[in-house]
Structure formats: structure tokens, C-alpha cells
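**Student:** I'll drop the sequence and a predicted model, then ask my questions.
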Amino acid sequence: MHELGLLRSVVTAVERAAATAGATGVEAVGLRVGTLSGAEPFALEGAWPMATADTVVAGARLEIETVQAAIWCPGCAHEQPVDEFYALVCPVCATPSGNLVRGREFAVAFADLGVPGHD
Ligand SMILES: [Zn+2]
């Protein structure tokens, strides 16, 4: 599963942060996931328990913030949302645009670490 590999990278990054902070556990992990990132939120949720098993991240809540993909349209002089059938064309006025301003994000937004003496 593609999402499991992505989440293993996330878990590794959070494990490093937890080790640096001396954290005893992780309460929650937030991800920013673009609609064109190639990762499905539903599949990420499904793979989360397996990806975190036997790590300091096990039991942490996964919070996914979906980022709607958008292009900058020179015709509209405005951003326009695009769906998964991203076709390099403005959905409103059909002006060609290769300028994707967001939508490919796959990043850790935050990690709530359980740090002793810091509620
Ligand atoms: Zn347009």
C-alpha cells in the first residue's frame, strides 16, 4: 500500500521529534494532504494503526487537513480550484494554465508530543 510507505516516513520524522523533545508518547499527528498528492485520506486513516505499531507514535490520533488543489488562472486573474482530473485548464473560463498553486502537499502539520512536566 502506497499510503503505508508515506506514513512510515511521517512516523520516522515524528519519532525523531519525540526523541529530541524527550517525549514519552504522541497525542496526535496532523497532516496536510493535497487533493493531488496521490494520497487518499481514507487509505491514510486505514493504514495509520499499522504504520505506527510498535513505535512511540502508536495510539496517536491522526488529523488530516485536506488541501484543495488550485491553479492560478491568468484569464480570471484569480485562483480556481481543480479536482483530481487536473487538466491544466481553468474550470471556469477554460484558459490554459500550468500554474498549480497548491494541491501536491503531503507534509506533517503538527505533532502533539506528550512531554513530561508539560501538560
Ligand atoms: Zn479562468
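**Tutor:** Yep, that arrived.
**Student:** Just the residues contacting the helix ranked longest in the chain, thanks.
**Tutor:** When the chain is scanned for its longest helix (criterion: DSSP state H), the result is helix 2-21. When contacts are defined by Cβ atoms under 8 Å, 6 or more residues apart in numbering, helix 2-21 is touched by residues 23, 25-26, 29, 31, 38-40, 43-44, 46-48, 50-52, 55-57, 60, 106, 108, 111, 113, 115. All C-beta spots, glycine's among them, are computed from the backbone N, C-alpha and C.
**Student:** Quick one: the helices in the chain, in order.
**Tutor:** Remark: helices assigned in the chain by DSSP H are 2-21, 41-52.
**Student:** now the ones you listed in a markdown table, with distance to G98 and mean neighbour count?
**Tutor:** What follows is these, written out as a markdown table (distance: least, Cβ to Cβ, whole Å; neighbours: other Cβ atoms under 10 Å):
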| stretch | distance to G98 | mean neighbour count |
| --- | --- | --- |
| helix 2-21 | 25 | 16 |
| helix 41-52 | 26 | 17 |
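**Student:** mind putting those in JSON lines, distance to the ion included?
**Tutor:** Below are those laid out as JSON lines (distance: least, Cβ to the ion, whole Å):
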{"stretch": "helix 2-21", "distance to the ion": "32"}
{"stretch": "helix 41-52", "distance to the ion": "28"}
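**Student:** Reformat these as a markdown table; add mean pLDDT.
**Tutor:** Compiled in a markdown table, these are given as follows (pLDDT from 0 to 100):
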| stretch | mean pLDDT |
| --- | --- |
| helix 2-21 | 95 |
| helix 41-52 | 97 |
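**Student:** Quick check: end-to-end length of stretch 96-106?
**Tutor:** Criterion Cα to Cα, to the nearest Å; first-to-last residue distance in stretch 96-106 is 26 Å.
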